[in-house]
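# Quick one, structure for this:
(4 chains)
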2 protein chains.
Amino acid sequence: MRADAARNREKVLEAARELFASKGFEVPLDEIAAQAGVGPGTVYRHFPTKQALFQAVTEARVTAMIESAAEPATDAKAALFAFLSRMAEEAAVKRDMSDAITVTPQLRKNLHAALGSLLEKAQQAGQVRTDVTATDLVILMKGMLQSLHEGGNPEVLLQIVLTGLQSSRKP
Amino acid sequence: MRADAARNREKVLEAARELFASKGFEVPLDEIAAQAGVGPGTVYRHFPTKQALFQAVTEARVTAMIESAAEPATDAKAALFAFLSRMAEEAAVKRDMSDAITVTPQLRKNLHAALGSLLEKAQQAGQVRTDVTATDLVILMKGMLQSLHEGGNPEVLLQIVLTGLQSSRKP
DNA sequence: GACGATACGGAACGCACGCCCCGGTTGGCA
DNA sequence: TGCCAACCGGGGCGTGCGTTCCGTATCGTC
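Okay, here's the model as predicted:
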């Protein structure tokens, strides 16, 4: 690969990282190209489609986060809650986090599996309400992550969801 | 107004009711026109803009729901929760409910006011966590309502939010 | 330093959608 | 029944965006 090609590829990735993070998947591809200082055609030389570029930017980050779910924790509930917190933290700063769930089916599946595993353990331990499914949780989190970009207080919103997930002792 | 004009206006409204409810605000206006059996031009004869048509379809329904918040309830928390439940029920069936919050600023303001009033009373009664603002609640509900259209279990999702809203007694 | 392959940029295409225009039609009144 | 205003349909315009094409510039090698 030619030197300038490699340089441009990196400039595109850099611009994409910044703009996907700040504006989400909906940012026009021409804007990414402009910010990278190249033409749209150049972007397509390196990535066959806008979605492929998005995936190149988000996949590693999201996958790393999912794998971090395997880290040790004090108990099952703590493990689940820590993971959800990490998702919220990430999504509060980078808008592409929530889009990744929608845009990249494979990522959604992986997230579903990871959440399912954590959820099941916490439910078996009697720490989390048992009527929630992994699908419910993925969907609920996606809704909550999107809410973070509309001015919602991240800590409060997360706390509401976490509290609500616990096995309820009705007052 | 001519008879056929009135008839067409009603056909347009009928089609808009159905399609906005099933597909949300994003449904193409041409599709509404087709379903009504008229041309797009006819739609614009009766409603100056797509948003005006959407408002004509949703405003009364949403306003009625907001006003129902004034109905009596056993206590402040019950009043708030009943209202949130009604929102969820409506949104689970009609997709335009959640869009109305975004598309029609006035409706969002009204909803914000109604929710703010109910929230404040419940908080003063010590029944709901005090770190939540009306803005948070509107945003959170919008996220949750959207989640309902992606396969989430309405009852479970609502229960999580309601439980999470209560003044927390950490286990 | 010249040549061929590689890569670049941006103009252009196709598509979808909101919205407008106009020739033809229809309704209701005289 | 005839006339005119109101109304209709759908083709068309402007815009935004993803994607492609191609003439030109640049890199790396001989």
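# State the helix or strand in which the residue nearest the centre of chain A lies.
Compute the mean C-alpha point of chain A, and by Cα atoms, centre = their mean the closest residue is A:Met97, 3.0 Å away. Secondary structure assigned from DSSP states H and E places A:Met97 in helix A:96-103.
# Mind listing what's buried along that helix?
Applying a neighbour-count criterion of 16 or more other Cβ atoms under 10 Å in any protein chain shown, one finds A:Asp96, A:Met97, A:Ser98, A:Asp99, A:Ala100, A:Ile101, A:Val103 buried in helix A:96-103. In this view, the C-beta of every residue, glycine as well, is placed from N, C-alpha and C.
# quick one: the third one and A:Ile160, what's the gap?
It stands for A:Ser98. 17 Å (Cβ to Cβ, to the nearest Å).
# Assumed A:Gly151 was part of a strand.
No: A:Gly151: not assigned to a strand; according to DSSP: H, G, I helix; E, B strand; the rest coil it is coil.
# my guess is it meets B:Thr133, correct?
No: using Cβ atoms under 8 Å, A:Gly151 is not in contact with B:Thr133; the gap is 9.9 Å.
# May I have the phi/psi pair for A:Val128?
phi -130, psi 140 (degrees, to the nearest 10).
# wait, it sits on A:Leu80?
Yes: assessed by Cβ under 8 Å, A:Val128 is found in contact with A:Leu80 at 6.8 Å.
# burial measure for A:Thr133, as a count.
Using other Cβ atoms under 10 Å in any protein chain shown, A:Thr133 has 17 neighbouring residues.
# who in chain A is up against DNA strand C?
Contact residues, chain A versus DNA strand C (Cβ under 7 Å from any atom of the strand): A:1-2, A:4-5, A:8-9, A:37-42, A:44-46.
# what do you get if the cut-off is 10 Å, keeping everything else the same?
Contact residues (Cβ under 10 Å from any atom of the strand) of chain A with DNA strand C: A:1-12, A:29-30, A:33-34, A:36-46.
# before we move on, the earlier item: could the buried residues of helix A:96-103 be laid out in TSV, adding pLDDT?
Listed next are the buried residues of helix A:96-103 as TSV, based on pLDDT from 0 to 100:
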residue	pLDDT
A:Asp96	97
A:Met97	97
A:Ser98	97
A:Asp99	98
A:Ala100	98
A:Ile101	97
A:Val103	98
